[in-house]
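S.K.: missing the sequence, but the structure's below:
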């Protein structure tokens, strides 16, 4: 398993940041490789709920299933990914002074065998997993700060 982590400080209260990061329909806004989300519960995530993301790397599309393992709103979430990538995604929201929040992500992942897994692994190596995660965290920061100002 490989592990990457990212952290950003967001100028928005914890609940506003949670509203953004806990909605999987926002995923395509944070990562251009995610081209769609299917089956996300309309009434919000809860332990045991799942959804699918459609990802595209180097012109190849695949689906990844995300299952909510643990949820403690508005502080913590843990999801399992299966499909072209297997892994666990953890997200923490730590309140800071002055209506700010530290957003932290930790992702453990591996690419199972098969041609699609090899393509995805090569693409992630080329772009850098830590760069991709940091870019996504910054996109979440921008979205949460925009929402808090509105």
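M.R.: Yep, it's here. Note that the structure is predicted; figures quoted are calculated from it, not measured.
S.K.: ok, and what's touching the lengthiest helix in the chain?
M.R.: Assignment by DSSP state H gives helix 129-149 as the longest helix of the chain. Contact with helix 129-149 is made by 2, 4-13, 16-17, 19-21, 26, 29-31, 33, 99, 101, 103, 105, 107, 109, 124, as judged by C-beta atoms under 8 Å, 6 or more residues apart in numbering. C-beta: built from backbone N, CA, C; applies to glycine.
S.K.: what about it, distance to the chain center?
M.R.: Remark: helix 129-149 is offset 10 Å from the chain centroid, using C-alpha atoms, centre = their mean, to the nearest Å.
S.K.: ok, stretch 36-50 next?
M.R.: On the basis of C-alpha atoms, centre = their mean, stretch 36-50 sits 13 Å off its chain's mean C-alpha point.
S.K.: ok, stretch 26-45 next?
M.R.: With C-alpha atoms, centre = their mean, you get 9 Å for stretch 26-45.
S.K.: show the end-to-end separation of that stretch, please.
M.R.: Taking C-alpha to C-alpha, to the nearest Å, stretch 26-45 runs 13 Å from one end to the other.
S.K.: what do you get for stretch 33-50?
M.R.: Using C-alpha to C-alpha, one end of stretch 33-50 lies 20 Å from the other.
S.K.: circling back to that earlier point, what are the buried residues along the longest helix of the chain?
M.R.: Using 16 or more other C-beta atoms under 10 Å as the test for burial, helix 129-149 gives 129, 132-137, 139-141, 143-145, 148.
S.K.: can you check stretch 92-99 too?
M.R.: Judged by neighbour count using 16+ other C-beta under 10 Å, the buried positions of stretch 92-99 are 92, 93.
S.K.: residues contacting it, please?
M.R.: Residues from elsewhere that reach stretch 92-99 (C-beta under 8 Å, 6+ apart): 9, 11-14, 17-18, 21, 74-76, 101-105, 148.
S.K.: repeat the analysis, applying 7 Å as the threshold.
M.R.: Residues outside stretch 92-99 that contact it (C-beta atoms under 7 Å, 6 or more residues apart in numbering): 9, 12-14, 17-18, 74-76, 101-104.
S.K.: and the residue lying farthest from the centre of the chain, backbone torsions?
M.R.: Largest separation from the mean C-alpha position in the chain: residue 98, at 25.5 Å (C-alpha atoms, centre = their mean). Residue 98 adopts backbone torsions of phi 70, psi 40, taken as degrees, to the nearest 10.
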